[in-house]
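Undergrad: here are the coordinates; sequence isn't available:
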Ligand SMILES: *[C@@H]1O[C@H](CO)[C@@H](O)[C@H](O)[C@H]1NC(C)=O
């Protein structure tokens, strides 16, 4: 009898929570891809490639590296399967949520995630949508040094019913943007004003002039 009650309680809890799915960790290959696209975009901005979008060259943009503590923090928070741009969700500084479509179990290597971050960032350059602009601001926050991301596979509910094909990519940044209007970076030639304790990275990829 007790078991039945327990099962009923569990079923009820699962039902109430049906838009919450357990989070998943990215594998090593996906981590490399996610970190790489972030640094590629930061590098592009710091080199002045987005000057026509009023984003000037930056002298103190830092290289991001992976941070397992941030992954653990993200795992301890509940992210619901709401659309990433749901206007009713409060903006949480330090968290970026990207949303993209997948076939049920694909994007193991994070290539889809990489494409989603790239597209979202480029779209934000031309868009006035607040959520996208805010993601762009965190992306370009020079003081952030590390990143940790997880993902959720969500049910996408459309007019035709339910498809299991939306993924939420949830990234946390450290240190986070603390105020949405905070200055993102100092203007100047890339790497010309690296914060103390850092110097210009000597990435084998010559393109990457980020402080680390
Ligand atoms: C990693 O994240 C934690 C926050 O969870 C932060 O305290 C720590 O400084 C970060 N490490 C680096 C190298 O950014």
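TA: Nice, I can see it. Quantities reported herein were computed from a predicted structural model and do not represent experimental measurements.

Undergrad: Kindly list the single helix or strand of the protein that scores lowest on mean pLDDT.
TA: Lowest by mean pLDDT, DSSP states H and E among the helices and strands of the chain is helix 2-16, with a mean of 46.

Undergrad: what's the next secondary structure element after that helix?
TA: strand 24-25 (DSSP states H and E).

Undergrad: Which SSE is immediately downstream of that following strand?
TA: With DSSP H and E, the next secondary element past strand 24-25 is helix 28-46.

Undergrad: in the chain, what spans have low per-residue confidence?
TA: Applying pLDDT under 70 to the chain flags the ranges 1-22, 104-105, 156-164, 204-207.

Undergrad: Residue 95 touches residue 174, doesn't it?
TA: No. Contact criterion C-beta atoms under 8 Å: residue 95 and residue 174 do not qualify, at 11.2 Å. Heads up, the C-betas are built off the backbone N, CA and C, glycines and all.

Undergrad: tell me which residues form a beta bridge with the nearest residue to residue 83 once chain neighbours are set aside?
TA: In space, and not counting its chain neighbours, residue 83 is closest to residue 99: 6.3 Å by C-beta to C-beta, 6 or more residues apart in numbering. Beta-bridge pairing of residue 99 under DSSP bridges involves residue 168.

Undergrad: contacting residues for residue 99?
TA: Shown in contact with residue 99 (C-beta atoms under 8 Å, 6 or more residues apart in numbering): 83, 84, 85, 116, 166, 167, 168, 169.
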